[in-house]
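> Any chance you can model this:
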Amino acid sequence: MNRMASRIMIGLAVIAATCVIALADRKSDTVTFTDNVTLGGATIKAGTYKVQFDYKTNELSVINGNKAIATATGRVEQTERKARTTEVETSSRDNTNVVTSVTFGGDNRKIVVEGMATESKSGSR
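Below is the predicted model of the structure:
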């Protein structure tokens, strides 16, 4: 009986560790855009959204409810310091604010949207 209980406990520990590893492949936070912005060609109206980056697919998404309303490919760059809050950087192109990068609070990795310049104006959550 003790042997079976030990095996069950070990099995549950393995499942829990696997879940934690699977969840670590994505980082997300809630951000508020004070102006309309563009990401991956899609316009995002001013408002509060979930921003998520999937490290496996290198996909940055803006999510409203359960639906991704904008996605773009991003690359990870190391920064010198950890961000205090989640920071979204935009630049102005053709009279439109375009998302160029996202740095999640507590992280020292910047997600740079592919094809975008790094010079930009900053915003945060």
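
> For the protein, which segments are assigned as helices?
Taking DSSP state H as the criterion, the chain contains helices spanning 2-23.

> State which strand of it is the longest.
strand 67-78 (DSSP state E).

> Partner strands of it and their direction?
strand 59-64 (antiparallel), strand 109-113 (antiparallel) (DSSP bridges).

> doesn't residue 28 make contact with residue 54?
No - using Cβ atoms under 8 Å, residue 54 makes no contact with residue 28, being 9.4 Å away. (C-beta placed from N, C-alpha, C; glycine too.)

> so how far is residue 15 from residue 2?
Per Cβ to Cβ, to the nearest Å, residue 2 is found 20 Å from residue 15.

> Report the contact partners of residue 38.
44, 70, 96-99 (Cβ atoms under 8 Å, 6 or more residues apart in numbering).

> hey, what's it bridged with?
When assigned by DSSP bridges, residue 38 has beta-bridge partners residue 43, residue 98.

> if I look at it, how far off is residue 103?
19 Å.
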